[in-house]
Structures are given as structure tokens and as C-alpha cells.
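Participant: here is my input, please return the structure:
(one chain, ligands or ions: 1)
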Amino acid sequence: MNHSTPEQPADVVARLRATFRSGRTQPLEWRTSRLKQLRELLSTHGEDLAAALHEDLGKSSTEAHRTEIDFTIREIDHTLEHLDAWLRPESAPVPAHLGTDATAWTRYDPLGVVLVIAPWNYPVQLLLTPLLGALAAGNTVVAKPSELAPATSAALARLLPRYLDTDAVAVVEGGIPETTALLAERFDHIFYTGNGTVGRVVMRAAAEHLTPVTLELGGKSPAFVDRDADPAVVADRLVRGKFLNAGQTCVAPDYVLTDPATARALEPELARAVEALFGADPSTSREYGRIVNERHFDRLGALLDSGRTVIGGTSDRAAKYIAPTVLADVDPASPVMREEIFGPILPIVTVADLDEAIGFINDRDKPLALYAFTESDDTRRRLAAETSSGGLGFGLPLAHLTVSDLPFGGVGESGMGSYHGRYSIETFSHRKAVLEKPLR
Ligand code: NAD
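Facilitator: So this is what the prediction gives:
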């Protein structure tokens, strides 16, 4: 029997730091070949990962590919295409007092050893997208998948070492004790995705070593529906965004904010859109996911009577199934409005007009995303200027995060820092100022 002791966090970090110090991770060629290896893993083992995602979250294979595997492949391809240009030094004008022969520029230095801590809801995408950004920027990486998606965590721990050098990328599986032990080590950057309570734990641990952090958190993302928007179109798009992954999406529309007449027009359209997407009985739809565990199932169950049920409201604990649910006449003080829902429940809250909607949004924590459905330029302009959120989506929920050239991240309670595309290079590098003055 093999009784090998798992490597201690200090040894893992020391090993990766030695690799970083060797300078091996610096050349562009090293970085791009790691990205290609990761791409190879995803294209060869897409089905293994999809099976693990189905086991953990009941994700359909189509959804697993679209939102996790192919998403990450697209991000790799985009990075491979542009990395050389992103890394180019940028020259800066030199002031006259330094003489005409002086030159100045910035260069992107990798940081060193990066820790990536991922959540369970998109356990492939949210581990590998930061990981590939950190590698592209020339770092070594400790990757900590979520223990709440155990099949995916195991699959990643098995596959990553087969495709990426183990002295540059280490996978550490585990829950709170393992993560706490990791966080005691000194990293050069910590990239955390998850909830704000743990975000604070991460930031406190990072403060000990003055380690910079990126916190990709969540919150209640509102969807404002203007009275001029076509309710059928709005309902179709809201339902697709809300009930993807059974509502367990950080940028899912959390609740609808609209005036009473529009709310009444939306109700039957939302019910129609749910049926059109998942059939009369969504529990039999292969495209509809399950709640991650009993704890979240019970938490969500307690929110189901926060309003008048328009559609759904049923659940089955043994199957961890909660029907796609729309609640109307929801009181802003009710339980469903007091926390991020992170499940398949869509409350409709009414306000008199745009002014009241803007006030409602600004009275609460800054959301990760704000969505609005409106035909009015003026309304779009006002929402953009008068509210603050991580991202802003007009007419289509979730889509902004698929644009690799946009930064993805939160603000205030929804997080700090951003990534994707060149923003990952910014996050995982130090922009070093260089001045050169000839000696003669
Ligand atoms: P989770 O429970 O999987 O936790 C995330 C990570 O934190 C895991 O790897 C876990 O091991 C670790 N962790 C948990 N407790 C810890 C502790 N005490 N000390 C150290 N590490 C600990 O995921 P979650 O937090 O339930 O995820 C859901 C939340 O994440 C939601 O709020 C959601 O909006 C947010 N989220 C944000 C994004 C984004 O990109 N901004 C993406 C997905 C999810």
C-alpha cells in the first residue's frame, strides 16, 4: 500500500517559487505552450469534465460545453492570438529636464506564485480562466478547486498534472482546513471567486503578507424593465439568463424591478418563456440543472413563499430539484430580497418609475451586474451614469462576460479587480516603470 503523505502547503509554494525564480516561466514561448497544453486537455477530456459537471450540478452536456469548456477554450484562443501584443512594453514621454537622450517605458513583470481559489457553480471555467491568465502573465499557480463540486475537483486534480508541468501548476484539493493552511503561505497574488464572507477571510490572510487580491464576489443583480420594452422578448431573455445552471450563476438577474403595469404584462410572458424552454414539467427536462447540495436546497426552499407564485414553486429534496419559479407582488423587505438568491427563484418588485428604480438600486450594495430592458437612450444614459455595478447589460443578461475584451469583475460588495483577456495580464503582472539614461 502506498501511504504517501500529501505535500505540505509550504513545500508546494517553495517548489513553485523555485520554478518561478529559475526564469523558466518568463519567455513567451513557455507561456503559449502551457496555454496550448491546457487547450489540449479541454478538447481531449471535454466529455470527462462534462460528466463530472453533470454529477455535481446536473448540468447538461450542451450547457457544460457552452458555459465552461468552450468558454475556456475561447479565452485561451483569444489570449494566444493577442498575448505578444499585450506584453509589449509601452513607451512613455520623458520630461525635458531629463534630456533628449533619456527614454522611459513600462514592462509587464510576472508576479511570482499565484493562488487561485474557485467556487462550485462553474467549477471548470472559474478555476481555469484565472489559471490561464496567470500562466499567460508568466506566473506559477496553485489551483484550489471547490470541494462542493467534488467530481469536478477530482477530475481537474487528475487531469491538470498530466498536461501542465507540476513544478509550475499545483492542484490542492480540499475545503476550509486545506484552504486555511494555504492562505497562511505567502503568495504574490490571490485570486478568489466566491462569497463576500470568505472574501473577507481571504483578504485578512493576504494582508499578513501584503499580498494583492482579486475578489470576484456576488450579490443581487437587478434587471430593470422599462414600460416601453416588449414583454415577450424581455421574458425570453430573462428566463434564459436566470435559470441557466438552475439560477446558480453569479451574474444571473437576481430580481426584476419594474412598474406595476409592466409587471402584470410580464407575468404571463415569463410563465410562457419558462414552459417554452423547459416544457410543462421542468423536472423532466435534460436542460434544467439541480441545486448543488441540501444546505442550499433548504436555504432556497425557505424563500419560495416570499410572494405570489406566478409559475413553479414546487421542489423535491431527494432530487435537489427546485422548479423555475417566478414570484410577483414581492415586498422588498421579504426574505428573498434580503440575500443573493443564487437559485431558480425570480422575484418581481415594483417601483413607480425610473427615478424610484435608480434610488432602489443605489440604496443597496453595488451589484455585480445591472441589466436593463428599455428602448430609451435617455434611460440607458441615466442608468449608466447614475448607478454603479461591476458590469452593465442592456437587453441581454450574462452576455457581457463572454466578451473577452471587456474586464469582468465587481465593485464594492461585489468584489474588486477584474480579469478576462488583457485584463488578466494586468491583474497577474506588475507594471514596472523603467527609465534609461545613457552613461555618455
Ligand atoms: P464555495 O463555497 O465553493 O467557496 C469558494 C471557495 O472558497 C472554495 O474553494 C472554498 O473551498 C473556499 N472557502 C470556503 N470557506 C472558506 C474559508 N472559511 N476559508 C478559506 N476558504 C474557504 O462557493 P460560494 O462562496 O458558495 O460561491 C457562491 C458565491 O460566489 C456567490 O455569492 C456568487 O455570486 C459568487 N460568485 C462570484 C463569481 C464572480 O465571478 N464574481 C462567480 C461565481 C460565484
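Participant: what's around R24, how many residues?
Facilitator: 15 (other Cβ atoms under 10 Å). C-beta coordinates here come from the backbone N, C-alpha and C atoms, glycine included.
Participant: so how far is D365 from it?
Facilitator: 43 Å (Cβ to Cβ, to the nearest Å).
Participant: any residue of the helix or strand harbouring T180 up close to the ligand?
Facilitator: Assigned by DSSP states H and E, T180 falls within helix 176-183. Yes. Interface with the ligand: helix 176-183 contributes I176, T179, T180 (Cβ under 6 Å from any ligand atom).
Participant: okay, now the second one: neighbour count?
Facilitator: Read it as T179. T179: 21 neighbours (other Cβ under 10 Å).
Participant: got it, and A385?
Facilitator: Using other Cβ under 10 Å: A385 sits among 9 other residues.
Participant: follow-up on the earlier one: tell me the helix or strand right after the helix holding T180.
Facilitator: strand 189-193.
Participant: now do R338 against the ligand, distance only.
Facilitator: In this view, R338 and the ligand are 14 Å apart by Cβ to the nearest ligand atom, to the nearest Å.
Participant: can you report phi and psi for that residue?
Facilitator: Main-chain dihedrals, R338, degrees, to the nearest 10: phi -90, psi -10.
Participant: and for it, the neighbour number?
Facilitator: 12.
Participant: this structure: helices as residue ranges?
Facilitator: Secondary structure of the chain (DSSP state H): helices located at 9-21, 28-57, 61-64, 70-87, 125-136, 150-163, 176-183, 196-208, 231-243, 260-278, 294-301, 354-362, 377-386, 422-427.
Participant: between these, which gets nearest to G412?
Facilitator: helix 196-208 (10.0 Å; Cβ to Cβ).
Participant: can you list the helices and strands that the closest one packs against?
Facilitator: helix 176-183, strand 189-193, strand 213-216 (3 or more Cβ pairs under 8 Å, 6 or more residues apart in numbering; DSSP states H and E).
Participant: switch the cut-off to 6 Å
Facilitator: For helix 196-208, the elements it packs on are strand 189-193, strand 213-216, judged by 3 or more Cβ pairs under 6 Å, 6 or more residues apart in numbering; DSSP states H and E.
Participant: residue numbers of the stretch 101-250 of the chain in contact with the ligand?
Facilitator: Counting by Cβ under 6 Å from any ligand atom, the residues of the stretch 101-250 of the chain near the ligand are 117-121, 126, 144, 146-148, 175-176, 179-180, 193-195, 198, 201, 216-218, 250.
Participant: can I get the buried part of those as one ChimeraX selection?
Facilitator: Listed next is the ChimeraX selection for buried residues among those, using 16 or more other Cβ atoms under 10 Å:
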select :117,118,119,120,121,126,144,146,148,179,193,194,198,201,216,217,218,250
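Participant: between the residues of helix 176-183 next to the ligand, which is closest to the ligand?
Facilitator: Of all the residues of helix 176-183 next to the ligand, the one with the least separation from the ligand (Cβ to the nearest ligand atom) is T179, at 3.5 Å.
Participant: what's the pLDDT at that closest one?
Facilitator: Looking at T179, its pLDDT stands at 98.
Participant: how about it, what does it touch?
Facilitator: With contact set as Cβ atoms under 6 Å, 6 or more residues apart in numbering, T179 has no partners.
Participant: ok, 7 Å please
Facilitator: Contacts for T179 (Cβ atoms under 7 Å, 6 or more residues apart in numbering) come out as I117, K144.
Participant: again, but for R290
Facilitator: By Cβ under 7 Å, 6+ apart, the contact set of R290 is L57, G58, A246, A319, K320, Y321.
Participant: which ones are touching the closest residue to the third one other than its chain neighbours?
Facilitator: What that stands for is A246. Distances taken as Cβ to Cβ, 6 or more residues apart in numbering put G289 closest to A246, at 3.9 Å, once the chain neighbours are dropped. By Cβ under 7 Å, 6+ apart, the contact set of G289 is L57, G58, K59, N245, A246.
Participant: who are the contact partners of the last one?
Facilitator: What that stands for is A246. Y288, G289, R290, I291, I322, G343, P344 are the contacts of A246 under Cβ under 7 Å, 6+ apart.
Participant: one more pass at 10 Å, please.
Facilitator: 57-59, 121, 252, 282, 288-292, 296, 300, 320-324, 342-344 (Cβ atoms under 10 Å, 6 or more residues apart in numbering).
Participant: one more: the second one?
Facilitator: By Cβ under 10 Å, 6+ apart, the contact list for G58 reads N245, A246, R286, Y288, G289, R290, I291, V292, A319, K320, Y321.
Participant: quick one, which of those are buried?
Facilitator: By 16+ other Cβ under 10 Å, these give N245, A246, Y288, G289, R290, I291, V292, K320, Y321 as buried.
Participant: show the pLDDT at the closest residue to the fifth one other than its chain neighbours.
Facilitator: Closest residue to R290 in three dimensions, ignoring its sequence neighbours and counting by Cβ to Cβ, 6+ apart: G58, at 3.5 Å. Looking at G58, its pLDDT reads 92.
Participant: and for G307?
Facilitator: 97.
Participant: please apply the same query to E40.
Facilitator: 98.
Participant: quick check, it in contact with Y163.
Facilitator: Yes. E40 is within contact range of Y163, at 6.2 Å (criterion: Cβ atoms under 10 Å).
Participant: the more surrounded of the two?
Facilitator: Y163 (17 against 13).
Participant: residue contacts, the more buried one?
Facilitator: Contacts of Y163 (Cβ under 10 Å, 6+ apart): R34, K36, Q37, L38, R39, E40, L41, L42, T44, H45, V169.
Participant: about what we covered before: roughly how far does the residue nearest to R290 sit from V434?
Facilitator: With Cβ to Cβ as the criterion, G58 and V434 are 52 Å apart.
Participant: how close does the nearest residue to L266 once chain neighbours are set aside get to L80?
Facilitator: Leaving aside its chain neighbours, L266 sits nearest to P231 (5.0 Å; criterion: Cβ to Cβ, 6+ apart). Distance, P231 to L80, by Cβ to Cβ: 42 Å.
Participant: who has more neighbours out of those two?
Facilitator: Set side by side, P231 and L80 show more neighbours around P231, with 23 against 16, by other Cβ under 10 Å.
Participant: quick one, what contacts the more buried one?
Facilitator: Neighbours of P231 in contact, by Cβ under 10 Å, 6+ apart: 225, 238, 258, 262-270, 272-273, 373.
Participant: from those residues, pick the one nearest the ligand.
Facilitator: Nearest to the ligand among these, counting by Cβ to the nearest ligand atom, is L238 at 17.7 Å.
Participant: so F71 sits right up against L132, yeah?
Facilitator: No. Using Cβ under 10 Å, F71 makes no contact with L132, being 11.4 Å away.
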